[in-house]
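Enquirer: How does the following fold in three dimensions:
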Amino acid sequence: MSRVGKYPVALPQGVTAEVKGQTVCVKGKMGDLSLPLSPDVVVVVAEGTVAVSMRQDSARARVLWGTTRNNIKNMVVGVTEGFKTVLEIEGVGFKAAMQGKELVLNLGFSHEVRFTPPEGITIKAEKPTVLSITGIDKQKVGQVAAEIRGFKKPEPYKGKGIKYQGERVRRKEGKKK
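Expert: Next up is the predicted model:
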């Protein structure tokens, strides 16, 4: 049984939530997000909180109960503060730059890698080797960061590639003579 699902989500000042059919909509100062609901869970908005409960006690409902509650909590945090992921680029000649709305990466290939972020995601090249990805949707921010990291994952011998800030790359010993 989910221990997370039983706690209600508090709505801070300036954030509103409403249930429209099988969709939860959360609006705040940074924008608005919506989440389609499973028929196994019931969402109730009352007195500045959002409560999630199971329609009936089944295995699927128990799984979705806590997940739905955390997704709603992430929506509330997203419309109030937003989410940010920082990527670091390591390697000789590896760099990133923004050209208009497009991200251009030089990663040691014979060509530049170009990436256009989806709607609602902002990418900034703070330094040529540091990228910050911001947005109100936690899933989108994480997905964009994973896609950019996927262009050149950090390799274990020299550590070259794109990694998350604070990520530790396990290093291997090279060839012996």
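Enquirer: Just the buried positions in the host helix or strand of I72, please.
Expert: Assessed by DSSP states H and E, I72 sits inside helix 59-80. Residues 61, 64-80 are the ones in helix 59-80 that count as buried (16 or more other Cβ atoms under 10 Å). To be clear about C-beta, it is placed using only N, CA and C from the backbone, and glycine gets the same treatment.
Enquirer: What are the phi and psi values at the residue lying closest to K29 once chain neighbours are set aside?
Expert: In space, and not counting its chain neighbours, K29 is closest to G14: 5.7 Å by Cβ to Cβ, 6 or more residues apart in numbering. The phi/psi pair for G14 (degrees, to the nearest 10) reads phi 90, psi 0.
Enquirer: List the contacts of G14.
Expert: G28, K29, T80 (Cβ atoms under 8 Å, 6 or more residues apart in numbering).
Enquirer: related to what we said a few turns ago, which strands and helices sit next to the helix holding I72?
Expert: strand 9-10, strand 23-28, strand 31-36, strand 41-46, strand 49-54, helix 138-150 (3 or more Cβ pairs under 8 Å, 6 or more residues apart in numbering; DSSP states H and E).
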